[in-house]
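In: quick check, what structure comes out for this input:
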Amino acid sequence: MDSSEQIREDIQGKEVSGVTQAYSDEVTVNTLEAGEKRDSLAEQGAVRTVIDGTLRRPHMGWWRCVFLILGDILGTGILAIPSGLASMGWVLGLLFLFVMCAVFIYCGILLAKMRLIFPYIRTYGDLGEAVFGFWGRWAVYLVQYSNMYLALPVYLLVASTALREAVSPGSCLIIWMFVNSGIVLCLLQTRTLKFMTWYSVVGTACIVVTLMISIVQICIDAHTSTTHGQVVSSSGFENGLVGSGDIIFAYSGIYMFIEFMDEMKRPRDFPKAVYTANLLLLFSYGFVGILGYAVYGLPVVNPITSSLSAGKVKRVANGFLWIHVLVSYLVTGLVFNRAVAVRFVRKFVDDFSLKGIAAWFVVTLASTGLTLLLNIFFPYLSDIESLLGTLFSPITGFIYPPLFYWKCAGSKMSWKHKIVATFVILVFGVAYTVLGTYGTIYSIVQNVGATPLLYKCLYKK
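Out: Predicted coordinates for the structure are as follows:
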């Protein structure tokens, strides 16, 4: 029996048993080469394989993955950067912006390396199980899907606000929430990221148009601006933590990287997507953040489009923003709904019969309905974005990747790599999670009672 046949039999055995624990002892050259060989075989022959009871469809190149990352992250994140800088001041804000880019690149590369070690993991939870067993899986799932689900109300709120500003400024926001909920419910029926990739291309194009329009209007508004921001913000320690949470949220999305790699033709090319996407994010965030904060100063709000001077330009910008944020909702919502479906109606996940269509519709209807209800009855969602950035994002982005990789590598890790991993885990992971969450909860408590429930606008005379 030649080596390729042996590898194929090994792949089939892994698909049937789902056992990957044997790969988690240590990272060696042989292990990485084996992962690359398995990926190569998957590219050549196993285009559609059944793994964990569902179909795997490798179809994306790394450049399409860049659009997927940008489509999910760029919109609501970039619009919050000026507000984040205002909360932290020029020095700390810009420094934090650069540091976060480097840290997220580092952790994204670690996830890509571990995907080579465990070639057939499909979710972040699968990685947790491969490294730490049953408890590792559920430790990841608890944080990942809480993060993912709480992002959906934020996207719905921003999308509905943008649609209202584009169509009928001043009208009741809840009406537009129902409209957007109906739209995403219909579009979620496409099920796979193959379709979502093209949605993301449209979404990325729309946010580029939104930013171009916003930049032009900001430059026009600069003629009447009397403020240029503060070197060190006077907004206070707690508000500074909230602002830093906005910046972390702007980079977050790492919790879906394993799912993205699962649908790539060549997962080992994922580092190219990580570098490209994060450098584009850094450039975009720096440019818009500096310009927006310099013109509008401390009063700048999130999203930046709400700070633009009123008029047709503002309405057009919000129209394109609406499309982009809707795409962000669809990408995150699809991953979340597939995870729910795999847990409760696995046999119907890839079933396009009438029963399969009905089961998928029920899952998406439930998640969309609960998201809408959360928006209506919890009016503090402007702080949820910061809470995601201070509570969940550091755990999935700064603690799990270096911790998991350390467990995989063991004694093979260099002492320099261990120092970096320890620093990231303790400073950006543990310490920031505690301090950042405190600051965000403090802000939420301060705002209690300040925002009326959304449905009350229906009763205004």
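
In: under the pLDDT cut-off, which ranges of the chain? List them.
Out: Applying pLDDT under 70 to the chain flags the ranges 1-59, 71-72, 75-76, 192-197, 379-386, 388-389, 447-461.

In: how much space between the residue nearest the centre of the chain and residue 119?
Out: Nearest residue to the geometric centre of the chain (Cα atoms, centre = their mean): residue 253, 2.6 Å. Per Cβ to Cβ, to the nearest Å, residue 253 is found 23 Å from residue 119. C-betas here are computed from N, CA, C, even on glycine.

In: ok, residue 368 next?
Out: Note on residue 368: its distance to residue 119, by Cβ to Cβ, is 34 Å.

In: how about residue 173?
Out: Distance, residue 173 to residue 119, using Cβ to Cβ: 46 Å.

In: looking at these two, which is more packed in?
Out: In this view residue 173 and residue 119 are compared by other Cβ atoms under 10 Å, and residue 119 has more residues nearby, 21 against 17.

In: pretty sure that one sits in a strand.
Out: No. Looking at residue 119 with DSSP: H, G, I helix; E, B strand; the rest coil, it is coil, so not inside a strand.

In: any idea where the strands of the protein begin and end?
Out: Using DSSP state E, the strands of the chain run over residues 49-51, 54-56.

In: so residue 83 makes contact with residue 302?
Out: Yes. In this structure residue 83 lies within contact range of residue 302 using Cβ atoms under 8 Å: 4.0 Å.

In: more neighbours: which of these two?
Out: Neighbour tally, residue 83 and residue 302, criterion other Cβ under 10 Å: the higher count belongs to residue 83, 28 against 22.

In: so what's that one up against?
Out: Shown in contact with residue 83 (Cβ atoms under 8 Å, 6 or more residues apart in numbering): 243, 246, 300, 301, 302, 304.

In: how far away is it from residue 231?
Out: For residue 83, the distance to residue 231 (Cβ to Cβ) stands at 17 Å.

In: one more: residue 429?
Out: Counting by Cβ to Cβ - residue 429 and residue 231 are separated by 29 Å.

In: again with residue 199
Out: Taking Cβ to Cβ, one finds residue 199 at 41 Å from residue 231.

In: cool, residue 322 as well?
Out: To residue 231, residue 322 is 35 Å away according to Cβ to Cβ.

In: can you check residue 239 too?
Out: 16 Å.

In: what do you get for residue 304?
Out: 21 Å.

In: comparing those two, which residue is more hemmed in?
Out: Just comparing residue 304 and residue 231: by other Cβ under 10 Å the higher neighbour count belongs to residue 304, 29 against 9.

In: the more buried one against residue 82, yeah?
Out: Yes. Between residue 304 and residue 82 there is a contact under Cβ under 8 Å: 5.1 Å.

In: what do these two both touch?
Out: Taking Cβ under 8 Å, 6+ apart as the contact rule, residue 304 and residue 82 both touch 288, 292, 296.

In: name the member of those residues with the most neighbours.
Out: Most neighbours among the shared contacts of residue 304 and residue 82, by other Cβ under 10 Å: residue 292, with 29 neighbours.

In: all helices of the stretch 201-350 of the chain, in order?
Out: Counting by DSSP state H, counting those that start in this stretch, the stretch 201-350 of the chain has helices at residues 237-251, 257-262, 270-296, 312-344.

In: from the contact counts, what lies against the last one?
Out: When contacts are defined as 3 or more Cβ pairs under 8 Å, 6 or more residues apart in numbering; DSSP states H and E, helix 312-344 sits against helix 62-88, helix 124-167, helix 173-187, helix 193-221, helix 354-377.

In: next one: the fourth one to chain centre, how far?
Out: On the basis of Cα atoms, centre = their mean, to the nearest Å, helix 193-221 is displaced by 17 Å from the centre of the chain it belongs to.

In: which other helices and strands contact it?
Out: Against helix 193-221 (3+ Cβ pairs under 8 Å, 6+ apart) you get helix 62-88, helix 270-296, helix 312-344.

In: and among these, the most buried is which?
Out: Among the helices and strands packed on helix 193-221, helix 62-88 has the highest mean neighbour count (mean count of other Cβ atoms under 10 Å), at a mean of 26.

In: and that helix, how far out from the chain's middle?
Out: With Cα atoms, centre = their mean, you get 9 Å for helix 62-88.

In: kindly report the same for stretch 331-340.
Out: Taking Cα atoms, centre = their mean, one finds the center of stretch 331-340 at 12 Å from the center of the full chain.

In: same question for stretch 105-120.
Out: Centroid separation between stretch 105-120 and its chain, computed with Cα atoms, centre = their mean, is 17 Å.

In: same question for stretch 287-302.
Out: 23 Å.

In: what about the residue nearest to residue 241 when sequence neighbours are not counted, neighbour count?
Out: Leaving aside its chain neighbours, residue 241 sits nearest to residue 439 (2.8 Å; criterion: Cβ to Cβ, 6 or more residues apart in numbering). Neighbour count of residue 439, defined by other Cβ under 10 Å: 23.

In: distance check, residue 439 against residue 363.
Out: For residue 439, the distance to residue 363 - Cβ to Cβ - is 35 Å.

In: ok, now residue 356?
Out: Distance, residue 356 to residue 363, by Cβ to Cβ: 11 Å.

In: tell me which of those two has more neighbours.
Out: The neighbour comparison of residue 356 against residue 363 (other Cβ under 10 Å) goes to residue 363, with 22 against 17.

In: surely residue 294 touches residue 229?
Out: Yes. Counting by Cβ under 8 Å, residue 229 is a contact partner of residue 294 at 5.7 Å.
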